[in-house]
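1. Mind looking at a prediction? Sequence and model below.
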Amino acid sequence: MTTPALAQRAVFPFTAIVGQEEMKLALLLNVIDPKVGGVMIMGDRGTGKSTTIRALADLLPEIEVIADDPFNSSPTDPELMGDDAYTATGERRIAKKQVPMVDLPLGATEDRVCGTIDIEKALAEGVKAFEPGLLAKANRGILYVDEVNLLDDHLVDVLLDSAASGWNTVEREGISIRHPARFVLVGSGNPEEGELRPQLLDRFGMHAEIRTVKDPVLRVQIVEQRTEFDQNPQSFLDAQREAQIHLQAQIVEAQTRLPSVTVPYDLRVKISQVCSELDVDGLRGDIVTNRAARALCAFEGRSEVTVSDIKQVITLCLRHRLRKDPLESIDSGYKVDKVFNRVFGISEAELEQNGSVPAAARG
């Protein structure tokens with residue numbers, strides 16, 4: 001959300017999006033800590049999935065990159081530099097650009113996603129002639145795949161491998177190219193068109209479910225806001241500018257605070273106990289829940305995770321890891337909530353009295 005970006009194109013502001021709190025929370029936590037592992041958003045058509053993701057990319061502060069670098073290489077962090085930038089000597093020209101937001105079309109080939117090597121040029125001139133793909137463009141940004149459940153499983157595997165490792169490797173005829181590909185992977189889809197296989201779904205850090213808004217008052221508000229934005233985008237953006245700047249600053253502060261946030265040992269044990277009782281395969285559920293709780297704690301300006309933080313993120317982190325049979329439907333959150341309340345000692349009476357989490361648990 002910068003002045004140059006607003007001058008180039010109008011993007012519906014993130015702070016004006018009504019409802020869909022689960023999706024917005026999952027996206028914000030992934031931006032604060034990309035190691036959460038991305039988010040899969042499943043829901044009805046026309047519920048604002050694409051609008052929200054583009055709004056988030058537009059909200060984020062500009063990043064510093066090495067000028068004219070195809071991988072958006074960081075001028076200071078070696079883990080975010082391509083090979084040429086890493087080995088270059090002399091003074092680097094630094095530029096600022098908006099956080100990249102890359103759409104991956106359903107018909108994309110592996111070469112388009114990963115990039116290609118010009119073998120003839122490599123053999124004739126002795127140089128690694130690499131044509132970067134979408135993963136290179138998405139480095140340090142957001143890679144969005146709409147209808148990811150319809151994407152070829154092999155391509156989904158490639159995306160998840162790169163998102164997990166932060167690197168993309170292309171090998172052709174004995175020539176190997178490696179470049180940074182650290183991005184927030186966001187997939188969306190309609191459950192009526194089919195789910196991802198459990199093995200692939202498990203590798204998304206979080207799973208958000210969204211439904212069409214039923215409240216007539218909220219529906220009217222959404223329609224009025226969209227109409228106002230379409231008729232006079234600049235006026236609408238100006239009205240939201242202060243809220244956008246405040247949220248942007250909150251995200252930056254959370255990213256800075258994140259390394260100092262801790263999870264008490266007893267809460268870590270209880271998170272793992274919940275995962276164990278739910279029969280979650282592997283340790284991804286434990287790791288992601290800890291990371292998401294820390295990101296939420298940092299976002300709210302605190303340095304120690306509470307039960308309330310875990311309560312807000314644990315369903316997002318675990319619901320898609322319970323399905324053993326591909327024909328089963330994904331848990332809406334009831335199973336996770338039930339086990340969480342028992343493990344953390346939250347009684348039904350306390351839930352009724354305090355809404356969702358008892359006062360002591362809120363920290």
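-> It's in.
2. I would like the residues contacting the longest helix belonging to the chain, please.
-> Identified as the longest helix of the chain according to DSSP state H is helix 233-257. Contacts to helix 233-257, defined as Cβ atoms under 8 Å, 6 or more residues apart in numbering, come from residues 1, 6, 10, 13-16, 28, 31-33, 59-61, 225, 228-229, 295, 298-299, 301, 303. Using the backbone N, CA and C atoms, a C-beta is placed for each residue, glycine as well.
3. Same check on stretch 72-84?
-> 63-66, 69-71, 85-86, 92, 94, 97, 100, 137, 139-141, 166, 178-180, 182.
4. and the residue lying closest to residue 201 once chain neighbours are set aside, how many neighbours does it have?
-> Nearest in space to residue 201, with sequence neighbours left out and distances taken as Cβ to Cβ, 6 or more residues apart in numbering, is residue 320 at 4.9 Å. Neighbourhood size, residue 320 [other Cβ atoms under 10 Å]: 25.
5. got it, and residue 339?
-> Once other Cβ under 10 Å is used to define contacts, residue 339 is seen to have 18 neighbours.
6. what comes up buried for the strand or helix carrying it?
-> Assigned by DSSP states H and E, residue 339 belongs to helix 334-343. Under the neighbour-count criterion of 16 or more other Cβ atoms under 10 Å, helix 334-343 has 336, 337, 339, 340, 341, 343 buried.
7. same check, this time on stretch 279-288
-> 280, 284, 285, 286, 287, 288.
8. Just give me the closest of those residues to residue 264.
-> residue 286 (14.9 Å; Cβ to Cβ).
9. Just confirm that closest one is within a helix.
-> Yes: according to DSSP: H, G, I helix; E, B strand; the rest coil, residue 286 belongs to a helix.
10. My understanding was that it contacts residue 272; is that so?
-> Yes: if you go by Cβ atoms under 8 Å, residue 286 and residue 272 touch, sitting 5.0 Å apart.
11. how near is the residue nearest to residue 201 to residue 200?
-> 10 Å (Cβ to Cβ, to the nearest Å).
12. cool, and residue 281?
-> 13 Å.
13. try residue 138
-> With Cβ to Cβ as the criterion, residue 138 and residue 200 are 19 Å apart.
14. Name the residue in these two with the higher neighbour count.
-> A count of neighbours by other Cβ under 10 Å puts residue 138 above the other of residue 138 and residue 200, at 28 against 19.
15. quick one, domains of the chain?
-> With automatic domain parsing as the criterion, the domains of the chain are listed as 3-212, 259-362.
16. averaged over its residues, what pLDDT does the shortest one have?
-> By that I understand domain 259-362. Domain 259-362 comes out with an average pLDDT of 83.
17. Distance from it to the middle of the chain?
-> Offset of domain 259-362 from its chain centre (Cα atoms, centre = their mean, to the nearest Å): 18 Å.
18. same check, this time on the longest one
-> In terms of Cα atoms, centre = their mean, the centre of domain 3-212 is found 9 Å from the chain centre.
19. How many residues are close by residue 174?
-> The burial count for residue 174: 7, using other Cβ under 10 Å.
20. now do residue 303
-> So residue 303, with other Cβ under 10 Å, has 11 neighbours.
21. From residue 197, how far out is it?
-> From residue 303 to residue 197 the distance is 39 Å (Cβ to Cβ).
22. next one: residue 83
-> For residue 83, the distance to residue 197 - Cβ to Cβ - is 34 Å.
23. got it, and residue 311?
-> For residue 311, the distance to residue 197 - Cβ to Cβ - is 29 Å.
24. now the longest helix of the chain, how far from the chain's geometric center?
-> The answer for helix 233-257 is 18 Å, by Cα atoms, centre = their mean.
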